[in-house]
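Student: could you look at this predicted model? Sequence included:
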Amino acid sequence: MRVIGLLGGMSWESTAIYYRLINEGVRERVGPLSSAELVLYSVDFERIDRMQRHDDWDGIGRMLADAAKRVEAAGADFLVVCANTAHKVAPAMESEIGIPLLHIADAMASEIRKAGASTVGLLGTKFTMEEEFIRGRLAERHGIEVLIPDEDERETIHRVIFDELCAGVIRDESRAEHVEIIERLAARGAQAVVLGCTEIPLLVGPDDSPIPVFDTTAIHARAAVDRSLEGD
């Protein structure tokens, strides 16, 4: 079993889900008393949020690269960054470590392709929806077309993530808003929707959506289990 390195805390709400899903996956595949061999380093999300608000991505890159080095030094065989938005600075982390990073976009692309979808809607932070570090990777490396909500909808999703979900607040009104946004993406041609923030599955699930849902937290966790158990 390869040792999984989790870099979490962005937010800890979703990192806790990663920990549970990975251990459940190992138990299911190996045996009832089995659990994952992993190390976890959890950052202070308030610091990252403050730097995001000041557009200090170089600072975030340095902070997460330092955290990634700590994960490697603790004995991890590969790195799993438990957040979508943090992959904006994936190159900064990869440049400072000698272990591979299991990129969340590659994991989700594999699942999207298995399902036969070629056009998906993407929900996430404004950074994830508007920039290319997820969208571009899906399109350029995997040939998947990505649709995003309009500007007002992107503001709503971003606000709910930071003001509610990261604080552990779940509101039915916010769920209804997200479902309406998904419906409009489906009307534009989305065959499925990617929940491209690891907090959004706390709010929206397959039973809520009119089209298939790709939960990046669950997908990334499964990919981590697969990588850990390769060859076992």
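Tutor: Perfect, thanks for sending it.

Student: helix or strand: which one has residue 141?
Tutor: Secondary structure assignment for residue 141, by DSSP states H and E: helix 132-142.

Student: neighbouring strands for whichever helix or strand comes after that helix, and are they parallel or not?
Tutor: Next helix or strand after helix 132-142 toward the C-terminus (DSSP H and E): strand 145-147. Sheet pairing here is set by DSSP bridges, and for strand 145-147 it gives strand 119-123 (parallel).

Student: tell me which other helices or strands the helix or strand just after the strand it pairs with touches.
Tutor: Using DSSP H and E, the helix or strand that follows strand 119-123 in sequence is helix 126-130. Here helix 126-130 touches strand 119-123, helix 151-163, going by 3 or more C-beta pairs under 8 Å, 6 or more residues apart in numbering; DSSP states H and E. Yep, even glycine has a C-beta here, placed from its N, CA and C like the rest.

Student: now do 10 Å
Tutor: With contacts defined as 3 or more C-beta pairs under 10 Å, 6 or more residues apart in numbering; DSSP states H and E, helix 126-130 has these neighbours: strand 119-123, helix 132-142, helix 151-163.

Student: what are the buried residues along it?
Tutor: 126, 127, 128, 129 (16 or more other C-beta atoms under 10 Å).

Student: ok, now stretch 69-88?
Tutor: Buried-residue list, stretch 69-88, by 16+ other C-beta under 10 Å: 69-72, 76-88.

Student: mind putting the buried residues of helix 126-130 into JSON lines with pLDDT and distance to residue 103?
Tutor: Listed next are the buried residues of helix 126-130 as JSON lines, based on pLDDT from 0 to 100; distance: C-beta to C-beta, whole Å:
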{"residue": "126", "pLDDT": "93", "distance to residue 103": "20"}
{"residue": "127", "pLDDT": "93", "distance to residue 103": "16"}
{"residue": "128", "pLDDT": "92", "distance to residue 103": "13"}
{"residue": "129", "pLDDT": "95", "distance to residue 103": "18"}
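
Student: just those residues now: which is nearest residue 24?
Tutor: Closest approach between the buried residues of helix 126-130 and residue 24, by C-beta to C-beta: residue 128, at 26.0 Å.

Student: between the helices and strands packed on helix 126-130, which gets nearest to residue 38?
Tutor: Per C-beta to C-beta, nearest to residue 38 of the helices and strands packed on helix 126-130: helix 132-142, 24.0 Å.

Student: how many neighbours does residue 174 have?
Tutor: Residue 174 sits with 20 neighbouring residues when counted by other C-beta atoms under 10 Å.

Student: again with residue 160
Tutor: Neighbourhood size, residue 160 [other C-beta under 10 Å]: 24.

Student: what about stretch 169-182, average pLDDT?
Tutor: Mean per-residue pLDDT for stretch 169-182: 96.

Student: can you pull the buried residues of that stretch?
Tutor: Within stretch 169-182, the residues scored as buried using 16+ other C-beta under 10 Å are 174, 175, 177, 178, 181, 182.

Student: so the first one sits against residue 203, correct?
Tutor: Yes - with contact defined as C-beta atoms under 10 Å, residue 174 counts as touching residue 203 (6.2 Å).

Student: so what sits against both of these two?
Tutor: 157, 160, 161, 164, 165 (C-beta atoms under 10 Å, 6 or more residues apart in numbering).

Student: so which of these wins on neighbours?
Tutor: Neighbour max across the shared contacts of residue 174 and residue 203 (other C-beta under 10 Å) = residue 157, 27 neighbours.

Student: mind listing what the nearest residue to residue 183 once chain neighbours are set aside touches?
Tutor: Spatial nearest neighbour of residue 183, excluding adjacent residues (C-beta to C-beta, 6 or more residues apart in numbering): residue 210 at 5.6 Å. Applying C-beta under 10 Å, 6+ apart to residue 210 gives the contacts 179, 182, 183, 185, 186, 187, 193.
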